[in-house]
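Enquirer: With the sequence up front, the predicted model follows.
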Amino acid sequence: MRPKWHFGLGRELGYAFWALTFFEAVFGAYISIWPLWIERLGAPISIVGLVLGSAGLIRPLVIGPGSWLVDRFNTRRLLFAARTLSVGGLLVAAFADAWPLLLFTVVTGAIGELVFPAIHTYVSDHAGENSVQAFTMVITVGPSVALVVTPLVSGVLISQAGIPAAFILAALLTVAGMIFVSRMSFARVQHEDDAAQVASYRRAWHTPEIRRIVLFHGCTIISLAIGSSLTANFLESERGLEPAVVSILSAGAAVGTISYGVIGSRNRHLRRAPILAAVVAATCTALGYVLFATQALLPLIAVAFLLRGGLFSAWTYYLVAMGSAAPRYLRPRAFAIVEIVGGSAISFGPIIAAQLWLIDPHAPFLVAATLTALTVFWVLRSSPGIARAPAEVAQPQ
C-alpha cells in the first residue's frame, strides 16, 4: 500500500506536520553556522552571545501579544504576515556586510516564531485521545527528519557558495512551509465547558500544573542552551573543523532527536510520563556536552551531536505534558508561555555561554552539564508524581 502524504495522521494534522517540518528545516539550514556568520561579520565573541541572546528580549514582546491577536484576527493571515517578515530577515542576513544588520534578522525571526504556539495549539485541538503519537509525529519526527537533511544540503551549499547560501535556502524553505499553513483551518472547536471560561495569561500561570511544567521546561532549556550555543565556534577554534563539516555533523543532533522521539513513543513508561522522557533526553544531552568538552576525535564529536538531539526532544515532551495538563480554553495561552519561556531560555543561553567562554572555551559545556544534572535532580525530587505520569493528572478547572 502506498504511504499517504499525511502518514495516517489525517488531513488537518498532515498540514501541520509538513508546515512544522519545513519551518524546522529553516533552522537546520543555518542555525549551526549562525554564530560563525555573526563572528565573520566582525563581532567579537561577547557580541556574538549578545546577538544570539537578543531574541530572548524580543520574543515575549511578540508571542505574548501575538497569542491575543490570534484569538481576534484571522490566524492564517497573521501567521503569513509574520513568516513573510522572517523571509525578509533571512535575505538581509544573506547579503549583510556588517554584524549590526543581523539584528534585523533577529527581530524578524522572533516575529516569525509566532507560528509555533499557534500550530502547537492546532495539533492539540486535532490530536484526539492519542496526543503522544500526534505530538511525536508532528513536532518531533517530521521536523527532526528535516533537521537531518537540511544541514547536509546546507553544508554542500556552503562549501560551494559560502555561508550566505544557507540563508537563501532557509528563505526558500520558509516559503514552502507557508504553503501548508495556507491549507490549515484554524477555526477552533468550542466546547461546552469552555464557554463560561475566559482565557488569560494570568489564569494560565495560576493553574498549578501549567506553572509547574513551565518552570521545569524553562530551567531545563536554559541549562541545555548554555552548552549548545557556541558549539560551532568551539569546534572551529578549538578542534579546527571547517564550517561545512560542522553543518554536516550537526545533522546528528536531528538523528538523536528522532531516536528519542521513537523511543519515547514506543516505550510504555515514557509514553505515559512525558516529563520523565524529557528528563532522560536532557540527561543524554548533558553527557554529549561532556564529550564536546573533553574529546577531539571526530567519531566522538559525532556521538556528542547525536546526544545533543535531546535538547529539542525535551522541549517536545514538555509540550506533550502541557497538552495533557492544560484545559482546552487555556491551551493557546499555555503553549504561548512555553514558547516564550523556552525560546527566551534558548536566547539567553548564549549570553551566559559567551561570558563563560571568556574564562575558558570549555566552560560552557561543563557548566551546562552541571546545571542540567541539578535541574534533573530537582524535577525528579520535587515532583515525583508528575514525573512518573503527568498525563494522568486531573486537568485543572
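Expert: Right, received. Where do you want to start? Numbering: from 1, shown residues only.
Enquirer: what residues are up against Leu102?
Expert: With contacts taken as CB atoms under 8 Å, 6 or more residues apart in numbering, Leu102 has the following neighbours: Trp37, Ile38, Leu41, Val51, Val92, Ala93, Ala96. Yep, even glycine has a C-beta here, placed from its N, CA and C like the rest.
Enquirer: Quick check: the second one vs Gly53, distance?
Expert: To Gly53, Ile38 is 11 Å away according to CB to CB, to the nearest Å.
Enquirer: Likewise for the first one?
Expert: Computed with CB to CB, the distance linking Trp37 and Gly53 is 16 Å.
Enquirer: Just want to know which of the two has more residues nearby.
Expert: Counted by other CB atoms under 10 Å, Trp37 and Gly53 do not tie: Trp37 has more neighbours, with 25 against 22.
Enquirer: The more buried one and Val92 touch, don't they?
Expert: No. In terms of CB atoms under 8 Å, Trp37 does not count as a neighbour of Val92; the distance is 12.0 Å.
Enquirer: and Ala43, helix, strand or coil?
Expert: Put simply, Ala43 is coil when judged by DSSP: H, G, I helix; E, B strand; the rest coil.
Enquirer: Share the number of residues neighbouring the closest residue to it other than its chain neighbours, please.
Expert: Across the structure, with CB to CB, 6 or more residues apart in numbering as the measure, the residue nearest Ala43 apart from its sequence neighbours is Trp99 (4.1 Å). Around Trp99 there are 18 other residues, counting by other CB under 10 Å.
Enquirer: quick one: contacts for Trp99?
Expert: Trp99 makes contacts with Ile38, Leu41, Gly42, Ala43, Ile47, Val51, as judged by CB under 8 Å, 6+ apart.
Enquirer: what's the closest non-adjacent residue to the third one?
Expert: By the measure of CB to CB, 6+ apart, the closest residue to Gly42 outside its immediate chain neighbours is Trp99, 5.3 Å from it.
Enquirer: residues contacting His206?
Expert: Residues counted as contacts of His206 (CB under 8 Å, 6+ apart): none.
Enquirer: give me phi/psi at it?
Expert: Dihedral pair for His206: phi -90, psi 0, per degrees, to the nearest 10.
Enquirer: coming back round to it: now do the residue nearest to Ala43 against Ile38, distance only.
Expert: If you go by CB to CB, the gap between Trp99 and Ile38 works out to 5 Å.
Enquirer: shared neighbours of these two, which are they?
Expert: With contacts taken as CB under 8 Å, 6+ apart, the residues that reach both Trp99 and Ile38 are Ile47, Val51.
Enquirer: returning to that earlier point: weed out the non-buried ones from the contacts of Trp99.
Expert: Those of the contacts of Trp99 that meet the buried threshold are Ile38, Leu41, Ala43, Ile47, Val51, by 16 or more other CB atoms under 10 Å.
Enquirer: Look up the closest residue to His217, ignoring the ones flanking it.
Expert: Taking CB to CB, 6+ apart as the measure, His217 lies nearest to Tyr318, with 4.1 Å between them; neighbours along the chain are not counted.
Enquirer: typo on my end, Phe305
Expert: For Phe305, the nearest residue in space outside its immediate sequence neighbours is Gly252; the separation is 3.5 Å by CB to CB, 6+ apart.
Enquirer: which ones are touching that neighbour?
Expert: For Gly252, the contacting residues are Ala302, Val303, Phe305, Leu306, Arg308, Gly309, taking CB under 8 Å, 6+ apart as the criterion.
Enquirer: how about a markdown table for the residues you listed, with pLDDT added?
Expert: Formatted as a markdown table, these follow (pLDDT from 0 to 100):
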| residue | pLDDT |
| --- | --- |
| Ala302 | 92 |
| Val303 | 94 |
| Phe305 | 92 |
| Leu306 | 91 |
| Arg308 | 91 |
| Gly309 | 87 |
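Enquirer: So which of the residues you listed is the closest to Leu169?
Expert: Taking CB to CB as the measure, Phe305 is the one of these closest to Leu169, at 20.1 Å.
Enquirer: Is it correct that the closest one is in contact with Gly256?
Expert: Yes. Here Phe305 lies in contact with Gly256, judged by CB under 8 Å, at a distance of 7.2 Å.
Enquirer: more neighbours, the two?
Expert: For Phe305 and Gly256, the more surrounded residue by other CB under 10 Å is Gly256, and the numbers stand at 28 against 25.
Enquirer: Return the set of buried residues in the helix or strand the more buried one falls within.
Expert: When secondary structure is defined using DSSP states H and E, the element that contains Gly256 is helix 251-266. Along helix 251-266, these residues count as buried under the neighbour rule (16+ other CB under 10 Å): 251-261, 264-265.
Enquirer: and of these, the nearest to Leu230?
Expert: Top of the list for closeness to Leu230, among the buried residues of helix 251-266 and by CB to CB, is Ala253 at 14.7 Å.
Enquirer: residues touching the closest one, list them.
Expert: Leu147, Phe305, Leu306, Arg308, Gly309, Leu311, Phe312.
Enquirer: Which member of those is positioned nearest Met178?
Expert: Taking CB to CB as the measure, Met178 sits nearest to Leu147 out of the contacts of Ala253, at 18.9 Å.
Enquirer: which residues does the closest one contact?
Expert: Glu24, Ala25, Phe27, Gly28, Ala251, Ala253, Ala254, Thr257.
Enquirer: With distance to Val106 and secondary structure added, can I get the contacts of Leu102 in CSV?
Expert: Conversion of the contacts of Leu102 to CSV gives the following (distance: CB to CB, whole Å; DSSP: H, G, I helix; E, B strand; the rest coil):
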residue, distance to Val106, secondary structure
Trp37, 12, helix
Ile38, 10, helix
Leu41, 13, coil
Val51, 7, helix
Val92, 10, helix
Ala93, 9, helix
Ala96, 12, coil
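Enquirer: would you list those in CSV and tack on pLDDT and distance to Leu358?
Expert: Compiled in CSV, those are given as follows (pLDDT from 0 to 100; distance: CB to CB, whole Å):
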residue, pLDDT, distance to Leu358
Trp37, 91, 21
Ile38, 91, 16
Leu41, 91, 20
Val51, 84, 16
Val92, 95, 29
Ala93, 94, 26
Ala96, 93, 25
